[in-house]
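**Q** A predicted structure for the sequence below; I have some questions about it.
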Amino acid sequence: FADSLESLKDEPAETPDGYRIKLLANTGLISDINLSLASGCDGIGLHRTEFPFIVRDRFPGEEEQAMLYRRVLEYFRPRPVVLRTLDIGGDKSLPYFPVHEENPFLGWRGIRLTLDHPEIFLTQLRAMVRANIGNGNLRVMFPMISRLHEVDEAKALLARAVEELREEGMEVEMPPVGVMVEVPAAVAMADKLAQRVAFLSVGTNDLTQYLLAVDRNNARVAALYDELHPAVLNAIAQVVDSGRQYRCPVSVCGGMAGDPAGAILLLALGVSSLSMSVASLLRIKWVVRSISRERATELLTLALDMESPDDVRAMLKRALDEQG
Ligand code: PEP
Ligand code: MG
């Protein structure tokens, strides 16, 4: 089976009835990169930038970061690479920047932390923009957005980074900007977000956690955590609608995109790209090439009408088994 998946490497991610979807990789470690290119993906939909921050004993400087980002951009050029700004806090903490909170997932996390520390944020944004010189495939994405004001402030800082670098004599471009939709408030405001940014990316890991009020890392409630919960499906449908209305592409970069059952529903929902761990790419390509969009749409209609995530999962499992 692994061999037959391997043969799909250079085939397009297209359904039997001709519907094309982009498959992108989630990366974070340099070692992911060779692999994801080998799996024939269309670019990087989510590059998590936390790892170099976690493994060092201090914040990496601008040069150091620029070098790391440049390597990723160069490797994938001309394919797009989405670099996500630092998403620490929550479950990702830095030993040299301790944050102690009762409720870290509802606390000082992602964009909240970086906006409070513009020196950390600007260093990273400058590094990203510099890394894009000569590449041109950079997209910048902000995590944990729950207010429109955060988008405006973050974009202003990015514009400042570009301006500073130009004043220093570098020929840099303002990259396209997108945001993660991973907090229920962002779903409800997706129409406003879609008018402010070049793309939206649904983070189903956090969105599921926050919509269902189930800690994504707590084994005791793990059985309650399911991305196929109708509440999650309806939320994604709402984001896709808003995106369509304002011609803002919607991608999904949480674990749901790499799960065959999830991918079928997302295909039917009409997301423009699926971004997943490298290990899932070929399997999902196989799913896309095996199931027609028409059939996926029938399954989605059934799923949206179901009352429990377990029923949705069982129904999709049967459908996948039928495909072989
Ligand atoms: C998500 O929340 O779905 C996501 C992709 O981001 P992370 O897993 O890094 O929080
Ligand atoms: Mg997240």
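**A** Ah, there it is. Ligands and ions are numbered 1, 2, ... in the order given.
**Q** over to Val177: give its phi and psi.
**A** Reported as degrees, to the nearest 10, the phi and psi values for Val177 are phi -120, psi 140.
**Q** swap in Ala263?
**A** With angles defined as degrees, to the nearest 10, Ala263 sits at phi -60, psi -40.
**Q** what about the residue nearest to it when sequence neighbours are not counted, distance to Gly262?
**A** Nearest residue to Ala263 in three dimensions, chain neighbours excluded: Ile284, at 5.0 Å (Cβ to Cβ, 6 or more residues apart in numbering). From N, CA and C alone the C-beta is placed, and that goes for glycine too. Distance, Ile284 to Gly262, by Cβ to Cβ, to the nearest Å: 9 Å.
**Q** likewise Ala303?
**A** Between Ala303 and Gly262 the computed distance is 10 Å (Cβ to Cβ).
**Q** so the residue nearest to Ala263 touches Leu23, yeah?
**A** Yes: between Ile284 and Leu23 there is a contact under Cβ atoms under 8 Å: 6.2 Å.
**Q** mind listing the shared neighbours of the two?
**A** Contact criterion Cβ atoms under 8 Å, 6 or more residues apart in numbering; residues shared by Ile284 and Leu23: 13, 274, 276.
**Q** give the contact list for the last one.
**A** What it means is Met276. With contact set as Cβ under 8 Å, 6+ apart, Met276 has these partners: 23-26, 45, 253, 255, 257-258, 284.
**Q** circling back to that earlier point, so Ile284 and Gly262 - more neighbours on which side?
**A** It is Gly262, of Ile284 and Gly262, that has more neighbours when counted by other Cβ atoms under 10 Å, with 28 against 25.
**Q** excluding its backbone neighbours, what's nearest that one?
**A** Met256 (3.5 Å).
**Q** show me the contacts for that neighbour.
**A** Contacts for Met256 were tallied using Cβ under 8 Å, 6+ apart; they are 204, 208, 227-228, 232, 262-263, 266.
**Q** again with Gly110
**A** Gly110 is in contact with 86-90, 142-144, 180, counting by Cβ under 8 Å, 6+ apart.
**Q** so where do the strands sit in the stretch 101-250 of the chain?
**A** Counting by DSSP state E, counting those that start in this stretch, the stretch 101-250 of the chain has strands at residues 138-142, 177-181, 199-202, 250-252.
**Q** residues in contact with the last one?
**A** Contacts with strand 250-252, where a contact means Cβ under 8 Å, 6+ apart, come from 22, 24, 45, 199-202, 204, 236, 239-240, 243-244, 266, 271-275.
**Q** of those residues, which ones also sit close to ligand 2?
**A** When Cβ under 5 Å from the ion is applied, no member of these is adjacent to ligand 2.
**Q** weed out the non-buried ones from the residues you listed.
**A** Burial by neighbour count, 16 or more other Cβ atoms under 10 Å: within those this picks out 22, 24, 45, 199-202, 204, 236, 239-240, 243, 266, 271-275.
**Q** output the below-cut-off pLDDT ranges for this structure.
**A** 1-3, 30-31 (pLDDT under 70).
**Q** quick one: name the residues of it near ligand 2.
**A** Proximity of the chain to ligand 2, by Cβ under 5 Å from the ion, involves residues 182, 203, 206.
**Q** give me the neighbour count for the second one.
**A** A count of neighbours around Gly203, defined by other Cβ under 10 Å, yields 27.
**Q** doesn't Gly178 make contact with it?
**A** No: counting by Cβ under 8 Å, Gly203 stays clear of Gly178, with 11.5 Å between them.
**Q** ok, back up a step: a markdown table for the shared contacts of Ile284 and Leu23, including distance to ligand 1?
**A** Output for the shared contacts of Ile284 and Leu23, formatted as a markdown table (distance: Cβ to the nearest ligand atom, whole Å):
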| residue | distance to ligand 1 |
| --- | --- |
| Ala13 | 19 |
| Leu274 | 12 |
| Met276 | 10 |
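**Q** which of these lies closest to Leu106?
**A** Closest approach to Leu106 among the shared contacts of Ile284 and Leu23 (Cβ to Cβ): Met276, at 26.7 Å.
**Q** list the residues that contact the residue lying closest to that closest one once chain neighbours are set aside.
**A** Among residues not flanking Met276 along the chain, Gly258 sits closest, at 3.2 Å (Cβ to Cβ, 6+ apart). Contact analysis of Gly258 by Cβ under 8 Å, 6+ apart lists 274, 276-277, 279-280, 283-284.
**Q** where along the stretch 51-200 of the chain do the helices fall?
**A** 51-55, 62-76, 111-116, 118-131, 148-167, 184-188, 190-194 (DSSP state H, counting those that start in this stretch).
**Q** got TSV for those, with distance to ligand 1 and mean neighbour count too?
**A** Formatted as TSV, the helices of the stretch 51-200 of the chain follow (distance: least, Cβ to the nearest ligand atom, whole Å; neighbours: other Cβ atoms under 10 Å):
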stretch	distance to ligand 1	mean neighbour count
helix 51-55	11	15
helix 62-76	16	18
helix 111-116	12	19
helix 118-131	16	21
helix 148-167	16	16
helix 184-188	11	19
helix 190-194	15	20
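**Q** rebuild these as JSON lines, extending it with distance to Val99.
**A** Listed next are the helices of the stretch 51-200 of the chain as JSON lines, based on distance: least, Cβ to Cβ, whole Å:
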{"stretch": "helix 51-55", "distance to Val99": "13"}
{"stretch": "helix 62-76", "distance to Val99": "21"}
{"stretch": "helix 111-116", "distance to Val99": "8"}
{"stretch": "helix 118-131", "distance to Val99": "13"}
{"stretch": "helix 148-167", "distance to Val99": "18"}
{"stretch": "helix 184-188", "distance to Val99": "22"}
{"stretch": "helix 190-194", "distance to Val99": "27"}
